[in-house]
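Colleague: Provided below are the primary sequence and the corresponding predicted coordinates.
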Amino acid sequence: MPVGKSIRMNSIFNPDDGRCVMLPVDHNFLVGPIRGLENVEETLKRALRGRLDAVMVSPGQAKRLAHLFGKRGSPALVVRGDWSNAFREKVYTLPVRSIQEILIAHPRDLLHLGATGAVIYYFIGYGDEEKQAQHYERMRWFIRNCETVGLPCLVTVMPMGEKINGANFVDFLELGVRMAVEAGADMLEVPYTQDIDTFRRIVAAAKGVPVLCAGGPKAARLRDTLEIVVELLHAGASGVVFGRQVFQSEDPAALLNMLYALVHEGKTVEEVLGLIGRRVRLKTLAEECIGCRLCEIICSSSHGSSFSMDKARLRIREAQGKYIISACTLCGLCAKACPTGAIKVNVELGRLELNEEKCTGCGKCVEVCPTEVLKLDEKRKPLICDRCQGDPQCARWCPVEAIIAEVY
Amino acid sequence: MTLEGRGYAGKILYVDLTKNKIWTEPLDEKIAYLLLGGKGLGIWLLYKLTRRNENPFSPNMPIIFAVGPLTGTSAPTSSKTCIVTKSPATGTLLDSYCGGFFGSELKYAGYDCLVIIGKADDPSILVIDNDNVDIRPAGQLWGLTTLGAEKEIKKILGEDFKTMIIGPAGERLSPMAGVFSNLRCAGRGGAGAVMGSKKLKAIAVRGNKSVHVYDEKEFNKMAWIAHRTLRMSESTARTMPIYGTANILLVVNEAGALPTRNFQTGRFENAEEISGERFRETLWIKAFSCSLNCPIACSKIAAVNDERFGEVTVDGPDYETIFSLGSNCGVSDRNAIAYANHICDLYGIDTISTGGIIAFVMELYEKGCITQEELEGIDAKWGNAEALVRLVEKIAKGEGIGSFLELGVKKIAEKYPNGRAYAMEVKGLELPGYEPRAAQGMGLCYAISERGACHLRAYTAGGELLGHLGGIDPLTYDRTKVMYAIDRQDEKAVIDSSVLCFFTLFGLRLKEVYQMILPCTGFNYESEKDLKKVGERIITLARLYNIREGFSASDDYLPERLLKEPLPEGPAKGMVVRLEPMLKEYYRIRGWDENGIPKHEKIDELRLSEII
């Protein structure tokens, strides 16, 4: 690799681990105005307080926001060299057959704008094969011109067009990745394929060219996003290109720091979110409850009782068309009533603890429980709520966040 | 290795109402491996337990309530019940699915399946309390509405019993009577009438056992991924929870595929008025999960307060009901639609067929084929909400003309042969809410569905109209479209046998289901293709049942209107359904002959010859 390109690759990918956290903010001129990018400069200023390796921008942004990027230690700048109408949302949405992609800048110009890398799309799946051929020719022309100036080229491969349906999405993505690799792409960005196995196939098709995964629409839950990142890294991804996930979150810098810790420092989701050994209480929002009772099923299962509605440490009931969530409030009455001291309230960790040897199975604790959720199992031991060691599974699985693990 | 503890209870519960006999039999591992449970198991039992041409109302006809390996686990929507019997409406196989918490309760009681045969001398109810099963007199319950009976049963037995109940329509053997569980129902095809013919008013079950799976840790990991995937899909995480299944109504209307005025057109001028958005603004007061672990909560409760109808609380209306009682009858009065839905629920009939019948009657009336006098004074003009409600009441109660109309569009057309061209039924079942001229795949879907016109057997509309899985062109009728339909049909057969709710497929793919089935059962399916093969096997078995009952290619028809009348407006303007080429290709890919009969090689390849 020519030294210029190698220096640039090393500023996009950390040479120690070959990985990268990239923040794209070039959405507006492709999809229409979106939330979080109303004021790109403000958003970037907030985000750049976090740790990241590179920012993806349009040529106009590279020019207009140059003052944000020129500093020592600034993230590498990856500048878009093409434009497309394929991603337009809502009122701007177009039928797939109208998809266009054109080059808007020569790699030389991007270099002048301070680019460390260039980025273009490669769509695969046009109904019209002539359109496909023209797109391939454009991609090859662009990459060749990147090579002459030593600019690494990122190709975003997207299955797109009349030929694509859900069943063949991954197959076309794999084909598109191969085409981009053979055209000389230095790095690749691909959409999430919804599971690890198929993502592994994509990484294999890339033949060692680093593969970054795009974030797509923002997930409702941070934990879901972070878990997927870890799964992607396991599947061989070299990092992420997360835009909406980052700038539509409350604190973009904090999210970037979390991504950075997962991508570069090998941290687990639990570590990043600080879930282990927390002192939590169960906050219940009955008006949000949809009565699916997954909390009971998963409570039973995660305490070794398999799937049962009778072994849960909390209970959903329906009365007058409304749901009532009863869960342990750590009032301590059961511990007080216990004649042998088998039940203890661990105030520090915020949970109940049971000494099974001391428990005689008298059931006094059940009698006094004001929430009426406490019951005895078949061995006559009370099913106490231990808050799942700080990560209550009822709260984790609740689809509507009607139960929340609240740190106190 | 036994099946027990691998997602299965390992037992089938048999009840003979004639002999008052109750016994259990083990569930065969090979059957479970080849057919999973639910639909697959139900059809196999029906095939084995009945002889050719058995009358649906004969005491020998079983009614089967089957669940699957995922039932009662942490998988999303894991309490749906599959009901299998022979349809009194069509004479074909009937598999119908019911929400509510009956399915998981049956599993917790220790059964994968409940088979009821025989006929009780007097109205009865069946009570299953774990290992204790008995048949009791129904007493005062006979004659009560679905909701009334449910309330009484819970009063007698306790709140923790889950029920399956028929309404007065089922008692009098209306061919469109459903089976109801809490507020949910297995509506289509008349399973309620089969139950009624056995003089069985209700089944109540309570289970206190645990469901065990093969590898619980791994299973929960995969169930978590399934839940996460549903949380990340726009349709299961946002549009359905907020606007219910009716979220699609305006999209479907835009595509010119919202059947309007008995399928005369695919655009309803008042679609806005009956959209999910408007129902949410004006009537719905809450969303709820009809099934265990359902994160989607497409079900809505409507509170109707109208001087014409009084104050009623209704479960719904959902998309299909809004289409059938709304646009298909030209009605845009939301309160009337919701109230008519309520009447259907109380008396226990299917809303899709009810709306289909009324739309047909309205067209006959508008065309002068049926008179106001014949309709007992009802002015059945398009869009007349009062006429809609009165007709629904007559059909629901089987009063006057209602006792004739409830026989369905096919029978009505026999009396009014001029209406034959626009009698919107296939095999005797009324059409659901997607205009096939604007979504060609749905034409194939209605024609080949084993229980007559049904949208849920090869739901191409997801791709054709709603952009599922990246979308597919609605107007094509080529090999790709047929393959797409076959994939959807096989996939759905797996979902129906697992048993999960159809709507999970608005977020999940077969992959996520496969990932759960493996640690659940410990079966050695090598890839999701093996699971798809299970789906193909079940579809072929269903076909073989219908073939045995005398059905063949000539029954895979569509109403003449769809084949001959070009659609007058919308993006599909000028289109008719090109059924012929799709059907031919469908049989060919399926390995069925030109008469629609599965070939011997196919039956062997699918290992069906080993089990039937």
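Modeller: Good, I have the coordinates.
Colleague: And the residue of the stretch 1-150 of chain A that's closest to chain B?
Modeller: Going by C-beta to the nearest C-beta, chain B is nearest to A:Val96 of the stretch 1-150 of chain A, at 7.5 Å. Heads up, the C-betas are built off the backbone N, CA and C, glycines and all.
Colleague: What pLDDT does the model give that residue?
Modeller: Confidence at A:Val96, expressed as pLDDT, is 75.
Colleague: Could you pick out the residues of the stretch 251-400 of chain A near chain B for me?
Modeller: Contacts of the stretch 251-400 of chain A with chain B, taken as C-beta under 8 Å from any C-beta of the partner chain, map to A:290-294, A:297-298, A:300-302, A:305-311, A:321, A:397, A:399-400.
Colleague: Filter these down to just the buried residues.
Modeller: Using 16 or more other C-beta atoms under 10 Å in any protein chain shown as the burial test, those include A:290-294, A:297-298, A:300-302, A:305-311, A:397, A:399-400 as buried.
Colleague: Could you tell me whether B:Lys107 really is in a helix?
Modeller: Yes: B:Lys107: assigned to a helix according to DSSP: H, G, I helix; E, B strand; the rest coil.
Colleague: Which parts of the chain belong to which domain?
Modeller: The chain I'm using is chain A. With automatic domain parsing as the criterion, the domains of chain A are listed as A:3-273, A:280-407.
Colleague: my bad, the chain I had in mind was chain B
Modeller: Segmentation of chain B into domains, based on automatic domain parsing, reads B:11-206, B:245-426, B:440-506+B:524-610.
Colleague: Adding mean neighbour count, write those domains out as JSON lines.
Modeller: Shown next, in JSON lines, are the domains of chain B (neighbours: other C-beta atoms under 10 Å in any protein chain shown):
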{"stretch": "domain B:11-206", "mean neighbour count": "23"}
{"stretch": "domain B:245-426", "mean neighbour count": "22"}
{"stretch": "domain B:440-506+B:524-610", "mean neighbour count": "20"}
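Colleague: Turn these into CSV, including mean pLDDT.
Modeller: Supplementary listing: those in CSV, determined by pLDDT from 0 to 100:
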stretch, mean pLDDT
domain B:11-206, 97
domain B:245-426, 97
domain B:440-506+B:524-610, 96
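Colleague: nearest to A:Asp17, of those domains?
Modeller: domain B:440-506+B:524-610 (32.8 Å; C-beta to C-beta).
Colleague: what separates the closest one from the chain centre, distance-wise?
Modeller: 16 Å (C-alpha atoms, centre = their mean, to the nearest Å).
Colleague: and what of stretch A:169-189?
Modeller: Distance of stretch A:169-189 from the chain centroid (C-alpha atoms, centre = their mean) equals 23 Å.
Colleague: same check, this time on stretch A:133-149
Modeller: For stretch A:133-149, the distance to the chain centre is 32 Å (C-alpha atoms, centre = their mean).
Colleague: pLDDT averaged over it - what is it?
Modeller: 97.
Colleague: Now do the buried residues in that stretch.
Modeller: So, applying 16+ other C-beta under 10 Å, buried residues of stretch A:133-149: A:135-136, A:138-139, A:142-143, A:145-147, A:149.
Colleague: Pick the one among those residues closest to B:Ala302.
Modeller: Nearest member of the buried residues of stretch A:133-149 to B:Ala302, counting by C-beta to C-beta, is A:His135, at 50.3 Å.
Colleague: What parts of the stretch 401-550 of chain B come near chain A?
Modeller: Counting by C-beta under 8 Å from any C-beta, the residues of the stretch 401-550 of chain B near chain A are B:463, B:468-473, B:480, B:484, B:487, B:509, B:511-512, B:515.
Colleague: The residue of the stretch 301-408 of chain A found nearest chain B and A:Ala86: what is the separation?
Modeller: Taking C-beta to the nearest C-beta, chain B has its nearest neighbour within the stretch 301-408 of chain A at A:Pro399, 3.2 Å off. When distances are taken as C-beta to C-beta, to the nearest Å, A:Pro399 and A:Ala86 turn out to be 32 Å apart.
Colleague: and the residue of chain A found nearest chain B, how many residues sit next to it?
Modeller: When scored by C-beta to the nearest C-beta, chain A has A:Gly166 as its residue closest to chain B, at 2.0 Å. Using other C-beta atoms under 10 Å in any protein chain shown, the number of residues around A:Gly166 comes to 18.
Colleague: same question, the one 10 residues further on
Modeller: The burial metric for A:Gly176, expressed as a neighbour count using other C-beta under 10 Å, is 25.
Colleague: what sits against residue 256?
Modeller: In the absence of a named chain, chain A is used. Counting by C-beta atoms under 8 Å, 6 or more residues apart in numbering or on different chains, A:Leu256 touches A:21, A:23, A:47, A:50-52, A:246.
Colleague: let's do chain B instead
Modeller: Applying C-beta under 8 Å, 6+ apart to B:Gly256 gives the contacts B:265-267, B:435, B:438, B:567, B:569-573.
Colleague: picking that back up, and the contacts of A:Leu256, which two are the farthest apart?
Modeller: For the contacts of A:Leu256, the farthest-apart pair by C-beta to C-beta is A:Arg51 and A:Val246; their separation is 11.9 Å.
Colleague: Tell me where the stretch 51-200 of chain A has strands.
Modeller: Secondary structure of the stretch 51-200 of chain A (DSSP state E, counting those that start in this stretch): strands located at A:54-57, A:76-80, A:82-84, A:101-103, A:117-124, A:153-159, A:187-190.
Colleague: Could you dump the ones you listed into JSON lines with mean neighbour count and distance to B:Leu45 added?
Modeller: As requested, these are exported to JSON lines (neighbours: other C-beta atoms under 10 Å in any protein chain shown; distance: least, C-beta to C-beta, whole Å):
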{"stretch": "strand A:54-57", "mean neighbour count": "25", "distance to B:Leu45": "58"}
{"stretch": "strand A:76-80", "mean neighbour count": "27", "distance to B:Leu45": "61"}
{"stretch": "strand A:82-84", "mean neighbour count": "20", "distance to B:Leu45": "55"}
{"stretch": "strand A:101-103", "mean neighbour count": "15", "distance to B:Leu45": "56"}
{"stretch": "strand A:117-124", "mean neighbour count": "25", "distance to B:Leu45": "47"}
{"stretch": "strand A:153-159", "mean neighbour count": "26", "distance to B:Leu45": "43"}
{"stretch": "strand A:187-190", "mean neighbour count": "26", "distance to B:Leu45": "46"}
